[in-house]
Every structure is written in structure tokens, then in C-alpha cells.
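Participant: below: sequence and its predicted model.
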Amino acid sequence: MDYTKLKACELFLFDMDGTLYLGDDVFDGAIDLMDDLPSLGKKYIYLTNNSSRAGTDYIRRLKGFGFPCEAENVFTSGMATGLYLNQNYPGAKVYLVGTQAFRRELLSYNINLVEEEAEIVVAGFDTELVYEKLNKACHFLRRGAVFIAANPDWVCPMPHDEVLPDCGSICALLTASSGKKPTYIGKPNRNMIDVISKMTGIANEKICAVGDRLYTDIAVAQNAGSVSVLVMSGETTQEMVTAADRQPDYILADVRELHSVLK
Ligand SMILES: [Mg+2]
């Protein structure tokens with residue numbers, strides 16, 4: 001296998017669940033890899049589509065596991081949405097359907113959050129959703145507001161085969177009531193990598209996405225012209241790889257094998 005393209009990458013974007021750990025079990029070698037990346041000349045970001053939590057929540061969780069993690073190493077679809085708004089709609093009036101954590105995240109990007117006369121409706125994985133928010137969002141969308149959503153996931157997987165309705169499902173309700181479809185920011189949409197590229201100054205083709213899901217972690221890299229590494233430590237089976245339309249650039253057993261390749 002020719003790993004030239006992989007080794008040339010300057011920034012690695014890591015999915016977390018199924019890639020670095022599963023639930024509360026950290027995979028062998030995952031912390032070693034992350035500890036070693038700076039000495040290999042590689043930058044890294046932990047990447048998540050979850051827009052219900054703030055970056056600080058992930059820093060706490062990752063540090064609790066023993067992973068190296070500072071503020072610049074975490075990126076959520078909520079943060080990507082804040083950057084996207086600043087890059088594309090500076091100063092616009094935004095109505096948010098999202099959690100308090102997402103609200104604080106957007107305020108940290110100086111987003112102009114309003115309750116009246118919104119020009120943009122932003123939806124996230126709102127685990128604090130009440131009818132009033134849906135009603136207002138529908139009102140603004142029907143009067144011409146732009147519709148932007150943090151992440152397209154229909155459901156958020158939970159233990160014991162349970163799920164939580166996620167941002168995609170909330171948007172489906174808003175689409176049904178307003179006739180408008182959102183622009184999604186999170187994986188697999190290339191926006192997620194485009195905003196990181198603009199933020200870091202590293203070109204898309206020097207960015208590598210590492211993850212266990214073909215339709216999000218790998219697809220975002222393919223959509224953005226970045227390098228992709230599928231790890232077989234999570235939800236993807238060999239049958240799913242065979243059936244896929246587009247193949248990942250690299251398929252590795254786990255992040256420990258990625259470490260051996262990069263060393
Ligand atoms: Mg995963």
C-alpha cells in the first residue's frame with residue numbers, strides 16, 4: 001500500500017465514538033497516537049456532529065479519558081455553524097432552535113441572536129426543544145428567512161439500541177411546516193472541512209478525516225477533496241465496504257494501525 005498521500009497530510013480530523021473509544025472503553029493505542037502526533041509534525045482536531053453540547057463538554061470528557069485536548073483541538077458542528085455564519089452572513093439576525101450550550105457557542109462567535117425579525121433560522125440537536133421555538137422558526141422561515149442546520153443526523157444513537165431524535169428530524173418538522181429545506185453544515189457536507197480549512201489555513205487536500213462511518217466520516221472527506229481513513233473498529237463491516245459506491249482512500253483495522261503507518 002502506498003501511504004504517501006496519508007503521510008503528507010498536515011491535519012487529522014478524528015471522529016470519536018467507534019474510532020478512539022466505544023462508549024466508555026478507550027481503544028488500545030488511541031491515546032498513544034494522539035500523544036505522538038505533534039512530534040510527527042501533525043495537527044489534530046476531534047470532530048463531532050453533535051450540536052447539543054459545547055466544545056468545553058468534549059474537552060472535559062476527552063481529558064477524563066486521558067487524551068491530550070486543548071480548546072483548539074475540538075470542533076463541533078455547532079462551532080462550524082458559528083464560523084459558517086460569520087464567513088457567509090456577517091452580522092445577520094439569527095433565530096436559534098438549539099440548546100443553551102449551542103446558544104453560548106454562537107454568542108462566542110458574536111452571532112447576532114434575536115427573537116424578532118430573524119433573517120436566518122439556525123437549527124441544532126435541540127434536546128431542550130419546546131413548541132414555542134418551532135412556532136417562531138416556522139414563522140420566520142415562511143417570511144423568507146434562510147434555513148441553516150448544524151447537523152443532518154436523523155437520530156443520535158444511545159446505549160441499549162435506543163435513539164434520540166436529532167437535528168435532521170427537527171428540521172423535517174420545520175420543512176413540513178414551512179416548505180423550506182435547510183443547508184446542513186455538519187458531516188457529510190463539505191462545509192465542515194471548508195470552514196476548518198479557512199480557520200487553520202491548511203488546504204483541504206492536506207486534511208485527513210479518520211472515522212468508522214462511511215456515510216459521514218468518509219463522505220465528508222470525499223465531498224471536500226480531503227484524504228479519508230476508514231477504521232474497522234466501529235460500525236462498518238467488510239460487507240458495507242464492498243457495497244459502497246466510493247471507497248475510502250485507506251482502510252485500517254484501527255487507530256493503532258494508523259499510528260504504525262505514520263511512524
Ligand atoms: Mg463514529
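Facilitator: Looks like it came in fine.

Participant: going forward, measure contacts between C-alpha atoms and count neighbours the same way
Facilitator: Fine.

Participant: so residue 56 touches residue 71, yeah?
Facilitator: Yes: contact between residue 56 and residue 71 holds when scored by CA atoms under 8 Å: they sit 7.3 Å apart.

Participant: neighbour-wise, which of those two wins?
Facilitator: Per other CA atoms under 10 Å, whichever of residue 56 and residue 71 has more neighbours is residue 56, with 15 against 11.

Participant: the closest residue to the ion within the stretch 151-263 of the chain: how many residues sit nearby?
Facilitator: For the stretch 151-263 of the chain and the ion, the shortest gap (CA to the ion) falls at residue 212, measuring 5.0 Å. Counted with other CA under 10 Å, residues neighbouring residue 212 total 27.

Participant: show me what contacts it?
Facilitator: The neighbours of residue 212, taking CA atoms under 8 Å, 6 or more residues apart in numbering as the test, are 15, 18-19, 218, 230-236.

Participant: just the helices in the stretch 151-263 of the chain please.
Facilitator: Per DSSP state H, counting those that start in this stretch, the stretch 151-263 of the chain carries helices over the ranges 167-178, 191-200, 219-224, 238-243, 255-262.

Participant: before we move on, the earlier item: from the contacts of residue 212, list just the buried residues.
Facilitator: 15, 18-19, 218, 230-234, 236 (16 or more other CA atoms under 10 Å).

Participant: out of these, which touch the ion?
Facilitator: Near the ion, taking CA under 5 Å from the ion as the test, the members of the buried ones among the contacts of residue 212 found are residue 18.

Participant: now stretch 236-252: mean pLDDT?
Facilitator: For stretch 236-252, mean pLDDT is 96.

Participant: what's the span of that stretch, first residue to last?
Facilitator: 12 Å (CA to CA, to the nearest Å).

Participant: and that stretch, which residues are buried?
Facilitator: 236, 241, 247-252.

Participant: off-centre distance for that stretch?
Facilitator: 20 Å (CA atoms, centre = their mean, to the nearest Å).

Participant: stretch 18-31 now?
Facilitator: What separates the centre of stretch 18-31 from the centre of its chain is 18 Å, taken as CA atoms, centre = their mean.

Participant: please save the CA atoms from it in PDB.
Facilitator: Output of stretch 18-31 as PDB, limited to C-alpha atoms (Å, rounded to 0.1, in the frame of the first residue of the first chain):
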ATOM      1  CA  GLY A  18     -16.200   4.000  17.300                       C
ATOM      2  CA  THR A  19     -12.800   5.500  16.300                       C
ATOM      3  CA  LEU A  20     -11.000   6.400  19.500                       C
ATOM      4  CA  TYR A  21     -13.300   4.800  22.000                       C
ATOM      5  CA  LEU A  22     -16.600   2.900  22.200                       C
ATOM      6  CA  GLY A  23     -18.900   4.200  24.900                       C
ATOM      7  CA  ASP A  24     -16.500   4.400  27.900                       C
ATOM      8  CA  ASP A  25     -13.900   2.000  26.600                       C
ATOM      9  CA  VAL A  26     -10.800   3.700  25.100                       C
ATOM     10  CA  PHE A  27      -9.300   1.600  22.300                       C
ATOM     11  CA  ASP A  28      -5.700   0.300  22.700                       C
ATOM     12  CA  GLY A  29      -3.100   2.700  21.300                       C
ATOM     13  CA  ALA A  30      -5.600   5.600  20.800                       C
ATOM     14  CA  ILE A  31      -4.100   7.800  23.500                       C
END
